[in-house]
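[1] How does the following fold in three dimensions:
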Amino acid sequence: MGLEEYKPIIVMVVCQFIYSGVTLTGRAALLQDMSSRVFVLYRQSIAFFIIAPIAIFSRRGTKGCFMGWKTFGLISLLSFVGVTVNQNVYFEGLYLSSSSAASALANLVPAITFIMAYILGLEKVELRSTRSIAKIIGTICCVSGAAAMALLKGPKLLNTTMEFHNNNQTTKDTWFLGCLFLLGSSFCWSIWLILQVHVTACYPDHLSLTAWMCLIAAIQSGILTLIVEPNTNSWKLTSPLQLFCCFYAGLGSAVTFFAQAWCIARRGPLFSAMFNPLCTVIVTVFACVFVHEELYTGSLLGGLAVIVGLYVVLWGKAKDHEDIISEDQSSQLASDNNNNTISCIIDLGVPLLPDKSSIN
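    From the prediction side, this is the model:
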């Protein structure tokens, strides 16, 4: 296997490091009393200003997608659920719990998406099928791991005292609430994945769609911040660290979009999802070593259960994908055989010798 085959792997590993940096720097900014809503506003604004010029220049000389009021409404709904609500809830949960918990609970998305798709009739479950049983067991494992992280912290393993001692008691008192916020973020992300299928069907220009979502989400986050925090002093960046964290989060959103889109085009969405637990490992190690976050037995075991459940669900989805491909190939082969049979029947109906009248 040459270097070309390793490129998607290298790109996905780099993406996980970028995601880990966004989680860690975001928590660092929030621990400096920065509002999570202001952080989301600046992040989406910076991401828009990075993606918009690329989207404009990439469409130069080509016919762009038409956007009607229906499409604009769907994109606005997608931005509200998948970006505005999702990111605000996520960073609030990140502040109230920990970086490792936020990263681990993000692995619940495939399991929650499977449950929602089944309720909506988009996913079929056959109890006699191995892949369906695998998806059910993986979902139960993910949910159980998430519940263990939220409810069973257990004995402390590392960092008995935190560097941010002023926030130590607050983190203990609000751990469960933070996990609930993170669980709500995973639900929003799953809804976003389901809605995106309908939106991309109406507006297939993915780069332009991302730019629109960042812009609309920035406007929605600005309105939300004005309502919840009317004091404009909360909008000020009081330290270079906060400025760096906002810029890095916006840049990370833009870079990882291109990288993941490229990897999905080369290897498919399952290949991309398989690397998500790597982000959990990176965040946990860096948070314990550099930020001195507390690590509990329940959190560690729950995180491992979520990761195992994730891979079991992905295995079931991979088997579904293989069955779909085999069914398509079988139907294509049957269609070709029918065409050949019809052509043979037509050929047999033609006389082997020409009519004498045609010769004369």
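
[2] How about the residue nearest the centre of the chain: what's its closest non-neighbour residue?
    What sits nearest the mean C-alpha location of the chain, by C-alpha atoms, centre = their mean, is residue 189, with 6.6 Å. Nearest residue to residue 189, sequence neighbours excluded (C-beta to C-beta, 6 or more residues apart in numbering): residue 109, at 5.1 Å. Glycine gets a C-beta too; all of them are placed from N, C-alpha and C.

[3] for residue 93, same thing?
    Nearest non-adjacent residue to residue 93 (C-beta to C-beta, 6+ apart): residue 181, at 3.0 Å.

[4] What pLDDT is listed against that neighbour?
    At residue 181, the model reports a pLDDT of 92.

[5] try the one 3 residues further on
    The per-residue pLDDT reported for residue 184 equals 91.

[6] now do residue 326
    69.

[7] ditto for residue 272
    At residue 272, pLDDT is 68.

[8] quick one: what helix or strand has the residue nearest to residue 189 in it?
    Here residue 109 sits within helix 109-119, counting by DSSP states H and E.

[9] So which bits of whichever helix or strand comes after that helix are buried?
    For helix 109-119, the following helix or strand on the C-terminal side (DSSP H and E) is helix 130-151. Within helix 130-151, the residues scored as buried using 16 or more other C-beta atoms under 10 Å are 131-132, 134-136, 138-139, 141-143, 145-146, 148-150.

[10] What helices and strands are in contact with helix 130-151?
    helix 99-105, helix 109-119, helix 175-202, helix 297-348 (3 or more C-beta pairs under 8 Å, 6 or more residues apart in numbering; DSSP states H and E).

[11] what about the first one, average pLDDT?
    When pLDDT is averaged along helix 99-105, the result is 82.

[12] So what's the gap between it and the chain middle?
    With C-alpha atoms, centre = their mean, to the nearest Å as the basis, helix 99-105 stands 14 Å off its chain's centre.

[13] got a list of contacts for it?
    Residues outside helix 99-105 that contact it (C-beta atoms under 8 Å, 6 or more residues apart in numbering): 19-20, 23-24, 27, 90, 93-94, 145-146, 149, 175, 178-179, 182-183, 185-186, 279-280, 283-284, 287-288, 291, 293, 295, 299, 302-303, 306-307.

[14] Then stretch 77-84?
    40, 44, 188-189, 191-192, 195-196, 199, 212-214, 216-217, 220-221, 224.

[15] Regarding that stretch, how distant is the last residue from the first?
    10 Å (C-alpha to C-alpha, to the nearest Å).

[16] Compute the distance from the centre of it to the centre of its chain.
    Worked out by C-alpha atoms, centre = their mean, stretch 77-84 lies 13 Å from the chain centre.

[17] again, but for stretch 67-87
    16 Å.

[18] Over to stretch 8-18?
    14 Å.

[19] Now that stretch: buried residues?
    For stretch 8-18, by 16+ other C-beta under 10 Å, it's 8, 11-12, 15-16, 18.

[20] Can you name the two of the residues you listed that sit furthest apart?
    Farthest-apart pair in those is 8 and 18; separation 15.4 Å (C-beta to C-beta).

[21] Next, the distance between the ends of stretch 278-293.
    End-to-end for stretch 278-293, by C-alpha to C-alpha: 18 Å.

[22] any idea of the mean pLDDT in it?
    80.
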